[in-house]
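1. got a predicted structure here, sequence first:
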Amino acid sequence: MATADSWLTALRAGIKHLKTNDPILAEVITRYPEPTFKPHQNYYQALVDAIISQQLSVKAAASIERRFQALFGGVFPTPEQILATDHEALRSVGLSRAKATYIQDLALHILDQKLLIGRLPSLSNEEIIRELVAVKGIGEWTAHMFLIFSLGRLDVLAVGDLGIKNSIQKLYGLAEAPTPDNIQTIAEQHNWHPYESLACWYLWQALDNKPEITTEQSA
């Protein structure tokens, strides 16, 4: 993982790159502060939280996460604790049956070493996506969010996010919401690479939006 200083330097280079290459994003960038996400190493909790948060408001997800930790004495549970917990106990904190299953499947993947979570930073974006989507309930959108907000990868284009679609439609004057292929084309036309994550961040800000899941299963 890059040092905090080198990552911040790369982030600021990315902001300059986008301002230079995309006049539409440049105007957005002038209205908002630097992105606040940064890489961290709490990958397991981030993935559990991502599953809990799917298709929920920030407020609702935070409420369930508090009750989830309270179930384990106020601390974040280990994979072993999650697997040892009755399904109905997990559901009692507000998890759907599906999400309880997904969280236990993640715990099982970690304990069985099917998902070697500590080696994720050494993998490419594509490799990480393949590793993560093998877990029930984790799809491409969640993998993209993990790459951006946990690993701090700056070159991730979240083509499945509703907020990104809506923002691009509004800012770039499209008649309808763009498809993933349309988003990729716009990114290429405006030379976002290798800072697509930063473009996504500012697109979210332009709608005063949080990343919003649209395609993955939840209940």
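-> Cool, got the structure. In this text the structure is predicted, and so the values were computed from the model without any measurement.
2. could you use CA atoms for every contact and neighbour count after this?
-> OK.
3. distance check, the residue most central in space within the chain against residue 112.
-> What sits nearest the mean C-alpha location of the chain, by CA atoms, centre = their mean, is residue 145, with 1.3 Å. Look at residue 145 and residue 112: by CA to CA, to the nearest Å, they are 24 Å apart.
4. ok, residue 195 - how many residues close by?
-> Residues near residue 195, counting by other CA atoms under 10 Å, number 22.
5. I'd like to know how far it sits from residue 13.
-> 9 Å.
6. look at residue 80 and report its pLDDT.
-> The per-residue pLDDT reported for residue 80 equals 97.
7. thought it was touching residue 105?
-> No - here residue 80 does not reach residue 105: they are 11.5 Å apart, not a contact under CA atoms under 8 Å.
8. ok, those two, which is more surrounded?
-> residue 105 (19 against 13).
9. show me which positions of the helix or strand where the more buried one lies end up buried.
-> Assigned by DSSP states H and E, residue 105 belongs to helix 97-111. For helix 97-111, a neighbour-count test (16 or more other CA atoms under 10 Å) marks 99-110 as buried.
10. got a pLDDT number for residue 104?
-> For residue 104, the predicted pLDDT is 97.
11. ok, and the closest non-adjacent residue to it?
-> residue 83 (5.7 Å; CA to CA, 6 or more residues apart in numbering).
12. do you know how far that neighbour is from residue 18?
-> Taking CA to CA, one finds residue 83 at 45 Å from residue 18.
13. of those two, who's got more company?
-> residue 18 (24 against 18).
14. right, and the more buried one touches residue 27 too?
-> No - in this structure, residue 18 is not within contact of residue 27 by CA under 8 Å, at 10.3 Å.
15. for the chain, what's the longest helix?
-> With secondary structure taken from DSSP state H, the chain has its longest helix at helix 4-21.
16. how about whichever helix or strand comes after it: buried residues?
-> Counting by DSSP H and E, the next helix or strand C-terminal to helix 4-21 is helix 23-29. Buried residues in helix 23-29, defined by neighbour count with 16+ other CA under 10 Å: 25-26, 28-29.
17. where's residue 136, which helix or strand?
-> Applying DSSP H and E, one finds residue 136 in no helix or strand.
18. quick one: residues contacting it.
-> Going by CA atoms under 8 Å, 6 or more residues apart in numbering, residue 136 touches 101-102, 105-106.
19. low-confidence ranges, the chain, go.
-> The model of the chain has pLDDT under 70 over residues 1-2, 209-219.
20. how about 80 then?
-> Applying pLDDT under 80 to the chain flags residues 1-2, 208-219.
21. domain map for it?
-> Listed by automatic domain parsing, the domain ranges of the chain are 4-38+155-206, 43-149.
22. distance to residue 176 for the buried residues of helix 97-111 - can I get that in a markdown table?
-> What follows is the buried residues of helix 97-111, written out as a markdown table (distance: CA to CA, whole Å):
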| residue | distance to residue 176 |
| --- | --- |
| 99 | 32 |
| 100 | 36 |
| 101 | 36 |
| 102 | 34 |
| 103 | 36 |
| 104 | 39 |
| 105 | 37 |
| 106 | 37 |
| 107 | 40 |
| 108 | 42 |
| 109 | 40 |
| 110 | 41 |
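23. kind regards, and thank you for your time.
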